[in-house]
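**Q** Just the structure for this:
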Amino acid sequence: MFSAQTYQARRERLIQDVGQGVILLLGNQESSMNFAHNLYPFRQDSSFLYFVGLDEPDLSVVLDVEEGTVCLYGDDVTVEQLVWTGALPTMASKAEQVGIDQIASSKNLATHLQDVQKQGRPIHVLPAYRPDQRETLAQILGQVPTASVELIKAVVAQRSYKSDEEIEEIESALHMSYRMFTTAMQVTGPGKIEREVVGFVEGMVGSQGLRMAFPVIYSVRGEILHNPDHHRLMQAGDMVVFDAGSESEGRYASDITRTIPVCGHFTPQQREIYQIVLSSQQKAIDGLAPGVEFRELHRLAAREIVSGLKDLGLLKGDVDEAVAADVHTLFFPCGLGHMMGLDVHDMEALGEEYVGYTDTLKKNPAFGWRSLRLGKALEPGFVVTVEPGIYFIGDLIDQWAAEHQNEAFINYPALDAYRKLGGVRLEDDFLMTEQGARLLGKPIPKALAEVEDICHRG
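**A** Modelled structure (predicted):
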């Protein structure tokens, strides 16, 4: 948690930017797994965390723009609840901690907002991405209101630019990532099941009182971009795509990907593809600069991938023409990266059109391009990931071949030798600066020789 003055300043600017009406920030509630009292681990709404800082359930805040007031809604625990929870901070102490001078019972929230409605004043809410949020809004406002574009844009205008104290939180998460990834490289090996390594690194994070930023991707089926399964036996000759992040104590995320040879060294074929991805990532990293559109860095990375695959004989023809024909999307059907902060895909719940694009720069709906979460020009203060990859997806290759897609550029028979390779992805996190970009966190081994060296230490 930051200082009360930090949260006060954020709320004051939010009030100023929205301009009129009332702003309702809903905190998250606890959610049951399979019966009422068996709960999922609680995760606070990120925008609530950003403007309020209280990482606890059943809280809401109302900001009255015209009056310039802020009220925290919630309830102290009862004696009956204390039996199960122990003593907890009072509402008054919570409010003082984050610089709020008005508190009220959650029972009064609906009445207050209904009075605002009767006055004809707008009530600004963010998109409701959880069922309990929609249910709460329907109960207190009579319906689930349309999310306020004014509020969304005001939130994005603040959360997009990371302060020094936010960067410290992200780098704290990345410190944990360094330990996770170097350890994973050492303990990965033939004869193990993927979940053994996943459980080990998750235990490392949990032992520090932290949690994962998102479900771990660790799979020898690296061509499955967000593979949630960890049941496969690892064998010599396999590669593992390991994509994971931890949260800091303040809930800021890290997001790193490495590709690991199961037996400690890459085969010649794996080395060829890995080096193309590494070169592609470096091209994009070298291009990071204020004012550069991220979609152009995506295109630059795609061109490097096409050029490298052409050198291997998998593609043919003019490289620029192939990229213009979207040939790269057969091997690189996802985006180059995204914003990162309190959410690993920062502010995605608010809408990619507001976070990653602008009123004049719209997302390309074409296959591959529509997965690019960030397209707009980079600015100092942004934190972004850079994560190109090459994936040999058998079903996709078969579909394109059957439809004779881009036969002028794709050597389909030559792809047969690579169908079982899987995928390669590399990802790092960067802070945009006035001069360019800075790698966040301690560099995690990435060059072929570095990765093999760490693996053999295991």
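
**Q** wait, G436 sits on G287?
**A** No. Counting by C-beta atoms under 8 Å, G436 stays clear of G287, with 9.5 Å between them. Every C-beta, even on glycine, is put in place using the N, C-alpha and C of the backbone.

**Q** Which strands and helices lie in contact with the longest helix anywhere in the chain?
**A** Secondary structure of the chain read by DSSP state H shows that its longest helix is helix 164-187. Helix 164-187 sits against helix 194-207, strand 239-244, strand 256-261, strand 428-432, helix 448-457, with contacts defined as 3 or more C-beta pairs under 8 Å, 6 or more residues apart in numbering; DSSP states H and E.

**Q** since we're on the closest residue to F200 other than its chain neighbours, how many residues are nearby?
**A** Nearest non-adjacent residue to F200, counting by C-beta to C-beta, 6 or more residues apart in numbering: V187, 6.0 Å away. V187 has 13 neighbours, counted by other C-beta atoms under 10 Å.

**Q** Ok, L342 next?
**A** Applying other C-beta under 10 Å, we find 25 residues neighbouring L342.

**Q** where's it, which helix or strand?
**A** Using DSSP states H and E, L342 maps to neither a helix nor a strand.

**Q** check contacts around it.
**A** By C-beta atoms under 8 Å, 6 or more residues apart in numbering, the residues touching L342 are 46, 49-50, 159, 251-253.

**Q** go again using 7 Å as the cut-off
**A** 46, 49-50, 251-252 (C-beta atoms under 7 Å, 6 or more residues apart in numbering).

**Q** If you rank those residues by neighbours, which is first?
**A** Within these, most neighbours by other C-beta under 10 Å means Y252, with 30 neighbours.

**Q** I figured it hits E166, correct?
**A** Yes. Y252 is in contact with E166 according to C-beta atoms under 7 Å; the separation is 6.4 Å.

**Q** Return every residue with contacts to both of the two.
**A** In terms of C-beta under 7 Å, 6+ apart, Y252 and E166 are both contacted by the residues G341.

**Q** who touches T85 in this structure?
**A** T85 neighbours (C-beta under 7 Å, 6+ apart): V77.

**Q** M340 is in contact with V383, correct?
**A** Yes. Using C-beta under 7 Å, V383 is in contact with M340, at 4.9 Å.

**Q** what about A128, which SS state?
**A** coil (DSSP: H, G, I helix; E, B strand; the rest coil).

**Q** buried residues in stretch 409-427?
**A** For stretch 409-427, the neighbour count (16 or more other C-beta atoms under 10 Å) marks 409-410, 412, 415, 418, 421-427 as buried.

**Q** Near the residue nearest to V125 when sequence neighbours are not counted, how many other residues are there?
**A** Excluding the flanking residues, the one nearest V125 by C-beta to C-beta, 6+ apart is L24, at 5.1 Å. Per other C-beta under 10 Å, the neighbour tally for L24 reads 25.

**Q** what helix or strand is L24 on?
**A** Assigned by DSSP H and E, L24 belongs to strand 22-26.

**Q** could I have the helix or strand that that strand is followed by exported to PDB, CA atoms only?
**A** Along the chain past strand 22-26, the next helix or strand (assigned with DSSP H and E) turns out to be strand 32-35. Taking Å, rounded to 0.1, in the frame of the first residue of the first chain, the C-alpha atoms of strand 32-35 are listed here in PDB:
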ATOM      1  CA  SER A  32     -17.400 -19.300  -3.400                       C
ATOM      2  CA  MET A  33     -15.900 -22.400  -5.000                       C
ATOM      3  CA  ASN A  34     -18.400 -25.100  -4.400                       C
ATOM      4  CA  PHE A  35     -20.300 -24.000  -1.300                       C
END
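
**Q** Run through the neighbouring helices and strands of strand 32-35.
**A** Using 3 or more C-beta pairs under 7 Å, 6 or more residues apart in numbering; DSSP states H and E, the elements in contact with strand 32-35 are strand 38-39.

**Q** contacts for the strand it packs on?
**A** Strand 38-39 has contacts (C-beta under 7 Å, 6+ apart) with 30-33.

**Q** Show the average pLDDT along it.
**A** Strand 38-39 carries an average pLDDT of 94.

**Q** In the sheet, which strands lie alongside it, parallel or antiparallel?
**A** Strands that pair with strand 38-39, judged by DSSP bridges, come out as strand 32-35 (antiparallel).

**Q** buried ones in the partner strand?
**A** Within strand 32-35, no residue is scored as buried using 16+ other C-beta under 10 Å.
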